[in-house]
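S.K.: next come a sequence and a model predicted from it.
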Amino acid sequence: MQVGIVGKPNAGKSTFFSAATLTIVPIANYPFTTIKPNRGMSYLRTPCVHKELGVVDQPKNSRCIDGERFIPVELIDCPGLVPGASTGRGLGNQFLDDLRKADALVHVVDASGTTDSEGKPTEAGQHDPMIDVGWLEKELEAWMFQVLHKDWDKTSRRPNLTPDEIATAIADRMSGLGLKKFQVEESLRLASLRERPAQWSKDDLMRLVGYLRKLAKPMLLAANKIDLPSSKGNMKRLGEGGRLTVPVSAEAELALRRAAEKGLISYKPGDHDFVPNEAGKLTPEQKAALEMIRKQVLSPEGVTGVQECINSAFFKLLNMIVVYPVADPERLTDHSGNILPDALLVQKGSTLKDLAMKIHTDLGEHLLYGINARNKMRLGESYVLNNGDVVSIVSTT
Ligand SMILES: Nc1nc2c(ncn2[C@@H]2O[C@H](COP(=O)(O)OP(=O)(O)O)[C@@H](O)[C@H]2O)c(=O)[nH]1
Ligand SMILES: [Mg+2]
């Protein structure tokens, strides 16, 4: 699963991306250097189960710091969008390739209103960030509509199309944008479109595309530049309309991570505060800058919001949960004796069988049963996993 960072120029996408992918502690098995210029690894942060289970863990695929598990995830910094991008303005279609790969989107909005729709500076607070939310969603839908509409006459006029054939045809057409057939089926249902597609109006198709966007590219708003005073008034309105909205200061998070990387402060992504390591090491300027972050962001907001965006994208938009597979349910180890080595992300609703298949198809195909490491109860292959489950998988191999 990958999350794309989208928004207009100068909203703070690259600052957000740099902050989110600046890793304070490397994880050996992962290439933490940026994968491609606009790709990088970030972490999810979740309370680790090791304390509750009374063990000291030896994580392999993730890291555990002060009882918090940090699990690697992939981020894409998408090129900036401007109104009319779907008709070729700005970078135009270059965006589509990144969009295709993203399973969910973080829309970085300049909540301070200090840049216009094109990202050019305006007087503080002059631009209404709600306008940016509206046009960006419209642009995404315009793109999807173009893809769907291409060859639509030919597709829709095929005789005697069943609802299933309609869904297949649309899913095939839209597969380039990463849409899945089940998402198409759900969108058709929500749009009350079933049969005779040749008779669907443009409005019908636009309605369909609206649902497709929400299902296939779920999005949250990162209301950025919350450190600027003009953001405060806009925050409330951004939250209206039911969109998941997180107040963010990408710049504050970047500064905190850089200071932590240099060993100047103790700070983990998502912490409510930082602790200067040796006060003497901080220059007066650095000290003042960090105090400012505390005063403008951490004290009033609680956190910088970057970690919350990453967590929300995976846990809320993509409905992921964390499970800990182990080979030995008594000692909670893998075959090499590492305690709670892996924290895996799976979709809510996944079964034990799904987990086994994800770890290895061989394990999935030869699955006998599972063991819940907490109570040593046996689990059938259709057992639905819960967040924080520690399970051992027993197979014939
Ligand atoms: N005050 C403030 N400025 C920010 C914040 N995040 C980014 N910026 C500034 O906004 C400008 C554009 O940022 P950038 O990340 O390059 O935007 P992008 O074009 O969307 O990638 C830069 O001058 C950043 O320093 C923030 O949280 N607060
Ligand atoms: Mg940028």
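M.R.: Everything's here; your move. Ligands and ions are numbered 1, 2, ... in the order given.

S.K.: which stretch of helix or strand covers whatever residue of the stretch 1-150 of the chain ends up closest to ligand 2?
M.R.: Scanning the stretch 1-150 of the chain for proximity to ligand 2 using CB to the ion identifies Ser14 as nearest, at 3.3 Å. All C-beta atoms are positioned from the backbone trio N, CA, C, and that covers glycine. Element membership of Ser14 [criterion: DSSP states H and E] is helix 13-21.

S.K.: which SSE is immediately downstream of that helix?
M.R.: strand 39-47.

S.K.: can you give me the buried ones in that next one?
M.R.: Neighbour counts over strand 39-47 (16 or more other CB atoms under 10 Å) mark Arg39, Gly40, Met41, Ser42, Tyr43, Leu44, Arg45, Thr46 as buried.

S.K.: can you check stretch 135-150 too?
M.R.: Buried residues in stretch 135-150, counted by 16+ other CB under 10 Å: Trp135, Leu136, Glu137, Glu139, Leu140, Glu141, Ala142, Trp143, Met144, Phe145, Val147, Leu148.

S.K.: would you mind writing the CA trace of the helix or strand the third one falls within as PDB?
M.R.: So the one you mean is Glu137. In the assignment (DSSP H and E), Glu137 maps to helix 129-149. C-alpha atoms of helix 129-149 as PDB (Å, rounded to 0.1, in the frame of the first residue of the first chain):
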ATOM      1  CA  PRO A 129      -8.200  27.100   1.200                       C
ATOM      2  CA  MET A 130     -11.600  25.600   0.800                       C
ATOM      3  CA  ILE A 131     -11.400  26.600  -2.800                       C
ATOM      4  CA  ASP A 132      -8.300  24.400  -3.200                       C
ATOM      5  CA  VAL A 133     -10.100  21.500  -1.700                       C
ATOM      6  CA  GLY A 134     -12.900  21.800  -4.200                       C
ATOM      7  CA  TRP A 135     -10.900  22.200  -7.400                       C
ATOM      8  CA  LEU A 136      -8.400  19.500  -6.600                       C
ATOM      9  CA  GLU A 137     -11.200  17.000  -6.100                       C
ATOM     10  CA  LYS A 138     -12.800  18.200  -9.300                       C
ATOM     11  CA  GLU A 139      -9.500  17.800 -11.200                       C
ATOM     12  CA  LEU A 140      -9.100  14.200 -10.000                       C
ATOM     13  CA  GLU A 141     -12.600  13.400 -11.100                       C
ATOM     14  CA  ALA A 142     -12.100  15.100 -14.500                       C
ATOM     15  CA  TRP A 143      -9.200  12.900 -15.100                       C
ATOM     16  CA  MET A 144     -11.100   9.800 -14.200                       C
ATOM     17  CA  PHE A 145     -13.900  10.900 -16.300                       C
ATOM     18  CA  GLN A 146     -11.700  11.300 -19.300                       C
ATOM     19  CA  VAL A 147     -10.300   7.800 -18.900                       C
ATOM     20  CA  LEU A 148     -13.800   6.400 -18.500                       C
ATOM     21  CA  HIS A 149     -15.200   8.300 -21.400                       C
END
